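Visitor: Sequence plus the predicted model coming up.
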Amino acid sequence: MIYVTRRGEFSASHYYHNPALSAEENQRLFGKCNNPHGHGHNYTVEVTVGGEVDGRTGMVMDEKELKRVLEEAVLQSFDHKFLNMEVPVFRTLIPTTENIAVEVWKRLGPRLATGRLQRVRVYETPELYVDYFGE
């Protein structure tokens, strides 16, 4: 099996808050990330598609198609957005790096015409990233 990875970037703001918890508990758990005015990150997303090389094209997946799908399914929806307010799934789901990775998978996986999504990696900072390998 061959793996092809594509990288994209987006900038977004968010905050961590669980409405089922008290203000004190949210503050204790999330600290500065509980600020209702939010804070921002420059995220990097890597998506890895695996499969066999097509004998006709010599590719697992057309890299231009992977770029297009990543842009349409994820980056356009997340870039320069306040995730909690502007991305519907994050109105009820805390937009942690882990939950962002799962949402990227859900948006991207079904749209791939060839290959199979193998991994989603989301960097919140250069020092912190989350890998998701599907369910």
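Guide: Right, received. Where do you want to start? Numbers count the residues shown, from 1 in each chain.

Visitor: Tell me the secondary structure of P19, please.
Guide: Under DSSP: H, G, I helix; E, B strand; the rest coil, the three-state class of P19 is coil.

Visitor: my bad, should have said M85
Guide: Once three-state DSSP is applied, M85 turns out helix.

Visitor: now the helices for this structure?
Guide: Ranges of helices in the chain, per DSSP state H, are 23-30, 63-70, 76-78, 83-86, 97-108.

Visitor: Tabulate the ones you listed in a markdown table, adding columns for distance to E46, mean pLDDT and mean neighbour count.
Guide: Where you see a C-beta, it was placed from the backbone N, CA and C, and this is true even at glycine. Formatted as a markdown table, these follow (distance: least, C-beta to C-beta, whole Å; pLDDT from 0 to 100; neighbours: other C-beta atoms under 10 Å):
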| stretch | distance to E46 | mean pLDDT | mean neighbour count |
| --- | --- | --- | --- |
| helix 23-30 | 26 | 97 | 13 |
| helix 63-70 | 10 | 96 | 16 |
| helix 76-78 | 14 | 98 | 18 |
| helix 83-86 | 19 | 97 | 18 |
| helix 97-108 | 10 | 98 | 20 |
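
Visitor: Tabulate those helices (CSV), appending distance to I2.
Guide: Output for the helices of the chain, formatted as CSV (distance: least, C-beta to C-beta, whole Å):
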stretch, distance to I2
helix 23-30, 40
helix 63-70, 12
helix 76-78, 28
helix 83-86, 33
helix 97-108, 18
